[in-house]
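Student: with the input below, show me the fold.
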Amino acid sequence: MQHATFKLVEELSGTGDLEDQGTVLRRVRYSVARYQGMLVGSGMPIPGVHRIEGSTDFEVTDVSLIGKPLTLRLEDGRARTRLPQAFRSRRQ
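Tutor: This is a model prediction of the structure:
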């Protein structure tokens, strides 16, 4: 059995838009880290195996947004929909 680990491959921080179905809720500061699954020993990447972690400065005041899939649009234009559980408000 081969063992796997995760390797940090990208770290981003900046100001982007937090969106709900295409509507911008507000501008947020964010910090994102992207990890790639790697095979231990060979160091080869495992296609499709990755993990994204991060946080924003968004403080939830509207309880209807809790559990709702939102989109974070980064400064470089990339977007991530259905923010993963690893994303948390820095204010928690």
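
Student: which neighbouring elements make contact with the helix or strand harbouring residue 50?
Tutor: Per DSSP states H and E: residue 50 is located in strand 45-56. In this structure, strand 45-56 makes packing contacts with strand 4-20, strand 23-39, strand 87-89, judged by 3 or more Cβ pairs under 8 Å, 6 or more residues apart in numbering; DSSP states H and E. Yep, even glycine has a C-beta here, placed from its N, CA and C like the rest.

Student: mean pLDDT lowest where, among those strands?
Tutor: Sorting the helices and strands packed on strand 45-56 by mean pLDDT places strand 87-89 lowest, at a mean of 56.

Student: same question for stretch 53-65, mean pLDDT?
Tutor: For stretch 53-65, mean pLDDT is 89.

Student: returning to that earlier point: what residues sit buried inside the strand holding residue 50?
Tutor: 53, 54, 55, 56 (16 or more other Cβ atoms under 10 Å).

Student: which one, of the helices and strands packed on strand 45-56, ends up nearest to residue 71?
Tutor: Among the helices and strands packed on strand 45-56, strand 4-20 comes nearest to residue 71, with 4.3 Å by Cβ to Cβ.

Student: turn the buried residues of strand 45-56 into TSV, including distance to residue 26.
Tutor: Formatted as TSV, those follow (distance: Cβ to Cβ, whole Å):
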residue	distance to residue 26
53	22
54	17
55	15
56	10
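
Student: let me know the closest of those residues to residue 13.
Tutor: Using Cβ to Cβ, residue 54 comes nearest to residue 13 of these, at 8.7 Å.

Student: does the closest one touch residue 30 like I think?
Tutor: Yes: assessed by Cβ atoms under 8 Å, residue 54 is found in contact with residue 30 at 6.1 Å.
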